Each structure stands twice: as structure tokens, then as C-alpha cells.
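Trainee: Compute the structure for the input listed below.
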Amino acid sequence: MARLRVFTIVLYGGVFGGAALVFAQDSQTPPAGQNPPSSSSATQNPPPGGQTTAPASTATNVASERRFFYGFRIVYFPLRQFDTSARQSESTNPVADYTYQGSSSAQKGALAGSFEYVITRRLSAGVEFYLTHATYTLTTNVRTGLPSPNSSTDDRPVTMYVQSNKANYWDLPLIARYQGIRSKGLLSHAYWLVGPEYRHVGRVRTGTDIFYPDGTTGYNEIPTVPTHRNQVGALVGVGWRFFDQFGFKVTPELRYVRWNSDAFQVLGAASTKNEVSAALGFSF
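Mentor: Here you go, the predicted model:
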């Protein structure tokens, strides 16, 4: 009887052990149609010359992982903000002759805040915001009455008005940048930019000094009314983009803006419709 029990235990142990072995072999066998990985594909060859492999960390890779950049731009305006000239007019009631002489001292620099969102590797959209001050002076000489026929010079009394104007220009350019001029060399960093630019003429400060023929003077601060408070311009330009290893971006740019209207237009002075600027941007 004892021998029968021992035989039974050995029999069951052999059956369950064989089943476990078959299950283990089946779990290691790949599905039909697939080949087991070979030792040659699983083992990679070491780098030649004793070199060690490391992940590449370039400025392009770091920058490509970022979508949003913010920073500032230093903008330089080489051209005048106003076209000035000498003009004349006359009136019959009252009888008077008017001479206008304009002059301007334009602001040459401004600081702009900039924001940019990267859409694709080549295309991005950005917005900027900056304030400039437009200034011009208009000198008006008013000669009243008729000149004396017995005088060789114009002896009519002259009243002179010297009007100084300063206005705030709030500019908001919306810019699309496309980088794809060349794939290699210096031009691989170049890009085109295009977009609309909005301008609002804010506060206007005017001071007028008056010099009367009898030697007395006067003064008032009646502000000049702009011809157009709001303007829209078309912006085009070219720039260059350089990154460091941390994604810090430097972008020099050249821009041209054509405005649809004049902010100020009087006899002797008119704001220009053509604007050229050079800028150096820093983004983080």
C-alpha cells in the first residue's frame, strides 16, 4: 500500500512538472511569422577609436523644443518722421499773407516688447508693442493789410506764431516670420517677415508762442488735432536668427512700413508715409 502511494505521488509530480516545462517554453516562443532577435542585432558595435556616445545638445534642438519666446527689441529710426517745407498762402477777408515754415527733430530710438510663438520649424507668429514721440515745429508769419505803394520793402505789421507739437505714437505690429531662404551657410539663419502694423496717435502736447507787432507776447496750449488718429501700415522686412545652446535668441532685423494715411498734415509739415527701421532683438 505504501509503495502504491509513493508511485502515485511520483506520477503526479512528473505530470505537473512536464506541464510547467511546456508552458515555460511556449511563453518564450515568438508568435508565428516573427523571428527571434539575433545576437548580432541585439548587440551594438562599440564606437570606433574609443569614442563614447552621448546625446546631441545643439542650439537648434534646444530651440525646436520651445514654442513661446518673449523679450525686447532696440529699434533705430534713421529717417525723419515729418516732411517739412516752406509754404505760402493769402486771404482776402481779412487781407493777409501767410508764410509757413516747418521743422522736425525726430526720435531716433525706441524700446519694444516682443512675443513670438513658433508654429512650425520654419514659421512663427509674433506681436510687438512700443511707444515713440513725434515732434515738429511750425513757424507762421502773418502780414496783415496791403503793402505801402511808396515803400521799397514790405512794411506791413507781422505777427509770428511758433507752434511746438509733440505726440505719442503707440505702435502694434503683428508679424509672421518664415525661415527658409537657404538650408546652409549664413543665409540659413535668415528669414522673411511680413504683416500689418497698427498705430494710434495718443496725447498731443502743443505750446504756441505769439509775438505781436507792438512787441508784446502771448502763449497758449491749445492742442493740435491730428489728421488721422488711427493708421494701418503694411510691414515687410528681413532678419537673421541666432541661438545659443540654451535657446537664447538674437535677431537683427531691417524693416519697411508703408502707412495708409498721414497722422498730421498741415501747411509746412506732414508726417511721412514711409518708415524704415533697424532693430536688434533679444528673446528668451
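
Trainee: what's the distance between stretch 140-151 and the middle of its chain?
Mentor: Between the centre of stretch 140-151 and the centre of its chain there are 54 Å (Cα atoms, centre = their mean, to the nearest Å).

Trainee: Quick check: end-to-end length of that stretch?
Mentor: Using Cα to Cα, to the nearest Å, the span of stretch 140-151 from its first residue to its last is 24 Å.

Trainee: same check, this time on stretch 219-228
Mentor: 26 Å.

Trainee: gap between that stretch and the chain center?
Mentor: Taking mean C-alpha positions (Cα atoms, centre = their mean), stretch 219-228 and its chain are 31 Å apart.

Trainee: same deal with stretch 255-267?
Mentor: Put simply, stretch 255-267 sits 20 Å off its chain's centre (Cα atoms, centre = their mean).

Trainee: May I have it exported as PDB, CA atoms only?
Mentor: Extracted in PDB, the C-alpha atoms of stretch 255-267 (Å, rounded to 0.1, in the frame of the first residue of the first chain):
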ATOM      1  CA  ARG A 255      12.000  96.700 -41.800                       C
ATOM      2  CA  TYR A 256      10.000  98.900 -44.100                       C
ATOM      3  CA  VAL A 257       6.500 100.200 -43.300                       C
ATOM      4  CA  ARG A 258       4.100 101.900 -45.700                       C
ATOM      5  CA  TRP A 259       1.300 103.800 -43.800                       C
ATOM      6  CA  ASN A 260      -2.100 104.300 -45.400                       C
ATOM      7  CA  SER A 261      -2.600 107.900 -44.200                       C
ATOM      8  CA  ASP A 262      -0.900 110.900 -42.500                       C
ATOM      9  CA  ALA A 263      -1.100 111.300 -38.800                       C
ATOM     10  CA  PHE A 264      -0.500 115.100 -39.200                       C
ATOM     11  CA  GLN A 265      -0.800 117.200 -42.300                       C
ATOM     12  CA  VAL A 266      -0.600 121.000 -42.300                       C
ATOM     13  CA  LEU A 267       1.000 123.600 -44.500                       C
END
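
Trainee: for it, which positions count as buried?
Mentor: The neighbour-count check on stretch 255-267 (16 or more other Cβ atoms under 10 Å) flags 255, 257, 259, 262, 263, 264, 266, 267 as buried. For the C-beta atoms, the positions are set from N, CA and C on the backbone; glycine is no exception.

Trainee: separation between the residue nearest to the spatial centre of the chain and residue 80?
Mentor: The chain has residue 128 as the residue nearest its centroid, 4.7 Å off, counting by Cα atoms, centre = their mean. Using Cβ to Cβ, to the nearest Å, residue 128 is found at 22 Å from residue 80.

Trainee: With residue 225 instead?
Mentor: Residue 225 is 22 Å from residue 80, by Cβ to Cβ.

Trainee: show me what contacts residue 191?
Mentor: Contact partners of residue 191, counting by Cβ atoms under 8 Å, 6 or more residues apart in numbering, are 177, 178, 179, 180, 181, 238, 239, 240, 241.

Trainee: beta partners of the second one?
Mentor: The partner list for residue 178 in beta bridges (DSSP bridges) reads residue 123, residue 192.

Trainee: so it touches residue 192, yeah?
Mentor: Yes. The criterion here is Cβ atoms under 8 Å, and residue 178 meets it with residue 192 at 5.1 Å.

Trainee: how many neighbours does residue 80 have?
Mentor: Neighbour count for residue 80, taken as other Cβ atoms under 10 Å: 13.

Trainee: Let me fix that, I meant to ask about residue 109.
Mentor: Residue 109: 11 neighbours (other Cβ under 10 Å).

Trainee: before we move on, what about residue 107?
Mentor: Residue 107: 14 neighbours (other Cβ under 10 Å).

Trainee: next one: the one 5 residues further on
Mentor: Residue crowding around residue 112 was assessed by other Cβ under 10 Å; the count is 20.

Trainee: doesn't residue 73 make contact with it?
Mentor: Yes. Applying Cβ under 8 Å, one finds residue 112 in contact with residue 73, separated by 4.4 Å.
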